[in-house]
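> quick one: sequence plus predicted model below, questions after.
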Amino acid sequence: REKAHTAIEKLKSAHPDSASISILSLELSSFESIKAAVKAFKASESRLDILINNAGIMMTAEGLTKEGYEIQFGTNHMGHTLFTQLLLPTLQETAKINPETRVISVASASESRAPIDIYKCDELKTMMADRHTTARYCISKIAQVHYNIAIAERYNDIKFICIHPGMVATNLHSESSGRFLKIFLNVAIASFATTVEKGALNQIWASVSPDARTGEFYGPVGAPGVGSRPCRNH
């Protein structure tokens, strides 16, 4: 919350005439927290034009969410899915006055490295100890792409757009588990990652461009047709 306040103050300082910005507390690994956040949002707002599901964790140590889901799958996929589903009524009401209402899901090209046996339903509520942390992360990312395709087919009044932001120089990998994995990620980020400012361009494009199509998965910036064959397998 302190980091959020600092970011808001920086934005206000740089753009004093900008719209009001407020904080909504939310823990994606807890359904209770998600439901409370949606309740708080609906109590103060009557419309929602753009929802960007951008938060997440990457290649962390074994763990479970409050509801018992594998921590990466539960946070990156289940948390965002519940949040989106609970906000659908507000999004649909907004779509009646704004046909460009949309939901942006920030996935990853890492979905292409998901294991062949992507969904073992009996292991989703375990730590998936038999899978490497990278496999667990990739499963959570391909699940986001699958969800985006599925919900876009069911609701035609809202745009549902999935994007890969590229390799971006953030601290997302800071909690990755494994000494050699962390070293590899540090080197890769330092050598090849783009800046945070450039890394945000694809989700900004997807949030406002009239050319962004529902159900699509875009690479940076606005490049259609990305994604592995498994991620498009119905």
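All right, it came through fine.

> counting neighbours, what do you get for the closest residue to residue 157 other than its chain neighbours?
What sits nearest to residue 157 in space, not counting adjacent residues and going by C-beta to C-beta, 6 or more residues apart in numbering, is residue 95, at 4.5 Å. From N, CA and C alone the C-beta is placed, and that goes for glycine too. Residue 95: 20 surrounding residues under other C-beta atoms under 10 Å.

> residues contacting residue 165?
106, 108, 199-200, 202-203, 220 (C-beta atoms under 8 Å, 6 or more residues apart in numbering).

> farthest-separated two in those residues?
108 and 200 (14.8 Å; C-beta to C-beta).

> please say which of these two ends up with more neighbours.
residue 108 (24 against 18).

> can you report how many residues lie near the nearest residue to the more buried one once chain neighbours are set aside?
Nearest residue to residue 108 in three dimensions, chain neighbours excluded: residue 141, at 4.4 Å (C-beta to C-beta, 6+ apart). Neighbour count of residue 141, defined by other C-beta under 10 Å: 28.

> surely residue 141 is in a strand?
No: the assignment for residue 141, made by DSSP: H, G, I helix; E, B strand; the rest coil, is helix rather than a strand.

> in the protein, which spans are strands?
Assigned by DSSP state E, the chain shows strands spanning 50-53, 102-106, 159-163, 217-218.

> what residues does the shortest one touch?
Under the contact criterion C-beta under 8 Å, 6+ apart, strand 217-218 has outside partners 107, 145, 148-149, 161-164, 202, 205-206, 212, 224, 226-227, 231.

> neighbouring strands - and their directions - for that strand?
When sheet partners are counted by DSSP bridges, strand 217-218 sits next to strand 159-163 (parallel).

> roughly how far is the partner strand from the heart of the chain?
Counting by C-alpha atoms, centre = their mean, to the nearest Å, strand 159-163 is centred 10 Å from the centre of its parent chain.

> so where's this protein shaky on pLDDT?
For the chain, applying pLDDT under 70 flags the ranges 169-190, 192.

> please redo it, this time with the cut-off set to 80
Residues of the chain that meet the criterion pLDDT under 80 lie in 167-193, 234.

> before we move on, back to that, which one of the contacts of strand 217-218 sits in the busiest neighbourhood?
residue 163 (31 neighbours).

> residue 128 against residue 136, yeah?
Yes: if you go by C-beta atoms under 8 Å, residue 128 and residue 136 touch, sitting 5.2 Å apart.

> any shared contact partners between those two?
The contact sets of residue 128 and residue 136 overlap at 70, 73 (C-beta under 8 Å, 6+ apart).

> what about residue 10, neighbour count?
Residues lying near residue 10 (other C-beta under 10 Å) number 10.

> helices along this structure, start to end?
Secondary structure of the chain by DSSP state H: the helices cover 2-14, 31-44, 71-72, 80-95, 133-154, 179-192, 196-199, 201-208.

> which of the ones you listed sits closest to residue 112?
Nearest of the helices of the chain to residue 112, taken as C-beta to C-beta: helix 133-154 at 7.8 Å.

> what's the angle from the closest one to helix 80-95?
Put simply, helix 133-154 runs at 30 degrees to helix 80-95, going by axes from the mean of the first three to the mean of the last three C-alpha atoms, to 10 degrees.

> mind listing what's buried in helix 133-154?
By 16 or more other C-beta atoms under 10 Å, the buried positions in helix 133-154 come out as 133-149, 151-152.
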